[in-house]
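Asks: Build me a structure from this.
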Amino acid sequence: MSLPFGVSLQVDYNKKIGKPGKLYDVVIIGSGPAGLTAAIYTVRFGLSTLVITGFSWGGQLMTTTVVENYPGFPEGIDGPELMRRMLRQATRFGVEFVDYDAEKIEVEGDIVKVLVAGDWYLGKTLILATGAKYRELGLESEKRLMGKGVSYCAVCDGYFFKDQVVAVVGGGDTALTDALYLSDIAKKIYIIHRRDKFRASDALVREVSRRGNIEVLWNRVVKDILGDRKVTGLKLENRVTGEEEVLEVDGVFIAIGHDPNTSLVKGLLELDERGYVKTHDFVKTSLPMIFAAGDVMDPKYQQAVTAAGFGAMAAIEAKEYLDSKV
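Replies: Just a heads-up that it's a prediction; the model follows:
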C-alpha cells in the first residue's frame, strides 16, 4: 500500500502471528480505530484475540494528515502515526494478527469461521469493524490532491480552512450538513450539485438558504480539481448548457456518500437499506455471537473517536456474551 505524505508503515516491533485452526475467544475483522480499540479491550479482559487487519491496515486515518480532534493530542497527530500507536498498544498486550484480507465468514453452531488466505480462523465471537469507503469523484487530481485541499470529512478538516473559500460537492443530507458546519468557519462556501434540486431534508434546505455565506451552483459537475501542490480551484461543467467554468477555491469537500464494507456479511447479518449492519443495543447484530463497531454500522457520526467508542462497546458485549456461556 502506498501512502501520501511520505508516511512509512514500518513498525519497530514483532507482532504475534495468528494460528489457523486455533479457537480464539474473539476474532476482529478490521484494524482501524474500532477494531484496534476492541482488541485492546478484549485482550486486557484476558480473552484470546485475533485481528484480521487486511492488506491495507489502519482504516481511513491512514490517508489523513493532521488529526486535531482526537482527545489526548493537543498539538494534533498524523493519522498514520495515531494508528501505529494503537497497533503498538494492541501488540504490547498480546493481540495476534493476520495481515491479509478476510475472504469469507461462516457460522457453525456457536463458532464463527473466517477464511483468510486459504486458512480458516475460528472464534467464539466476532467483531466486525471493516469500516466504510468514501465515494469518490474518480478524478486523478482528486487522488493527487487528497490531504492538500481535498477532503471527505468537514468535521475532521474544516478548521484548516478558517476564513477561506471552499466548495462542497453533493446534494444530500451529508453535503448540506457539511456546508452548514463549514459556514461557521470558512468565509464562503459553494455547494456544487449536479441536479436542480436537493435530495436533502427540508429542514436542512431551509437552513442553508438562511446562511449568507453559502451559495448553490446548480446543475454543475466537477470535471477537474485544479492545483499543483494544493487545491486552487475547480473546473466545472454546466450540465444544461455544456459550458465550462473555473471556480477559485482553497479546498473542496466531497460529500457524495459512503459505502459500508459489508460484502462479507451479506446474507449472514441483517443490513439496513443503505447496506450498513443493522444493530440493536448499540453494537449487537442479528446473530448473538457477532458484534459490529465503527463506520460499518454507523452512517451518521463516522469519526475516529466514535468508532473507538463503538469498539470498546463491542469488546464489552463480547465479554458479556462469553461470560453467559460459562
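Asks: And the helices in the stretch 1-150 of the chain?
Replies: Here the stretch 1-150 of the chain has its helices, by DSSP state H, counting those that start in this stretch, at 33-44, 79-92, 140-144.
Asks: among those helices, which is the most enclosed?
Replies: Among those, helix 33-44 has the highest mean neighbour count (mean count of other C-beta atoms under 10 Å), at a mean of 28. Where C-beta positions appear, they are placed from N, C-alpha and C, glycine not excepted.
Asks: pLDDT averaged over that helix, what's the number?
Replies: Helix 33-44 comes out with an average pLDDT of 98.
Asks: quick revisit: please convert the helices of the stretch 1-150 of the chain to CSV, extending it with distance to residue 157.
Replies: As requested, those are arranged in CSV below (distance: least, C-beta to C-beta, whole Å):
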stretch, distance to residue 157
helix 33-44, 17
helix 79-92, 11
helix 140-144, 15
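Asks: closest to residue 267 out of those helices?
Replies: Among those, helix 33-44 comes nearest to residue 267, with 22.3 Å by C-beta to C-beta.
Asks: any idea which element residue 166 lies in?
Replies: Counting by DSSP states H and E, the element that carries residue 166 is strand 165-169.
Asks: Can you name the next helix or strand after that strand?
Replies: Per DSSP H and E, the first helix or strand lying C-terminal to strand 165-169 is helix 173-183.
Asks: Tell me the buried residues in that following helix?
Replies: Taking 16 or more other C-beta atoms under 10 Å as the neighbour-count basis, helix 173-183 is seen to contain the buried residues 173-183.
Asks: And stretch 253-268, by the same measure?
Replies: Of the residues in stretch 253-268, those scored as buried under the neighbour-count criterion (16+ other C-beta under 10 Å) are 253-258, 260-262, 264-265, 268.
Asks: Looking at those, spot the one nearest residue 219.
Replies: Scanning the buried residues of stretch 253-268 for proximity to residue 219, where the rule is C-beta to C-beta, the winner is residue 256, at 15.7 Å.
Asks: Double-check that the closest one belongs to a helix.
Replies: No: the assignment for residue 256, made by DSSP: H, G, I helix; E, B strand; the rest coil, is coil rather than a helix.
Asks: Thought residue 142 was touching it, still the case?
Replies: No: in this structure residue 256 lies outside contact range of residue 142 using C-beta atoms under 8 Å: 11.4 Å.
Asks: if we can go back for a sec, for the helices of the stretch 1-150 of the chain, which one sits closest to residue 216?
Replies: Minimum separation from residue 216 across these (C-beta to C-beta) falls at helix 140-144, 21.5 Å.
Asks: tell me what that closest one is packed against?
Replies: strand 220-226 (3 or more C-beta pairs under 8 Å, 6 or more residues apart in numbering; DSSP states H and E).
Asks: one step back: next, format the buried residues of helix 173-183 as TSV and append pLDDT and distance to residue 294.
Replies: Output for these, formatted as TSV (pLDDT from 0 to 100; distance: C-beta to C-beta, whole Å):
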residue	pLDDT	distance to residue 294
173	87	20
174	86	17
175	94	22
176	95	24
177	90	20
178	93	20
179	96	25
180	96	25
181	93	21
182	97	24
183	97	28
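Asks: Just name the closest of these to residue 98, please.
Replies: Distances from the buried residues of helix 173-183 to residue 98 were compared by C-beta to C-beta; the smallest belongs to residue 174, at 33.6 Å.
Asks: nearest spatial neighbour of that closest one, skipping sequence neighbours?
Replies: residue 255 (4.5 Å; C-beta to C-beta, 6 or more residues apart in numbering).
Asks: On the pLDDT front, check that neighbour for me.
Replies: The pLDDT attached to residue 255 in the predicted structure is 94.
Asks: so who does residue 286 touch?
Replies: With contacts defined as C-beta atoms under 8 Å, 6 or more residues apart in numbering, the neighbours of residue 286 are 269-270, 278.
Asks: ditto for residue 136
Replies: If a contact means C-beta under 8 Å, 6+ apart, then residue 136 has 142-143, 254 as its contacts.
Asks: wait, residue 128 sits on residue 261?
Replies: No: counting by C-beta under 8 Å, residue 128 stays clear of residue 261, with 9.0 Å between them.
Asks: before we move on, the earlier item: taking helix 173-183 as reference, get the angle to the strand holding residue 166.
Replies: Between the axis of strand 165-169 and that of helix 173-183 there is an angle of 170 degrees, by axes from the mean of the first three to the mean of the last three C-alpha atoms, to 10 degrees.
Asks: Tell me how many other residues crowd residue 103.
Replies: Using other C-beta atoms under 10 Å, residue 103 has 13 other residues around it.
Asks: okay, and the helix or strand of the protein with the least pLDDT?
Replies: strand 66-67 (a mean of 80; mean pLDDT, DSSP states H and E).
Asks: which strands and helices sit next to that one?
Replies: Contacts defined by 3+ C-beta pairs under 8 Å, 6+ apart place strand 66-67 against strand 77-78, helix 79-92.
Asks: Throw those into JSON lines and include distance to residue 136, thanks.
Replies: Shown next, in JSON lines, are the helices and strands packed on strand 66-67 (distance: least, C-beta to C-beta, whole Å):
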{"stretch": "strand 77-78", "distance to residue 136": "22"}
{"stretch": "helix 79-92", "distance to residue 136": "18"}
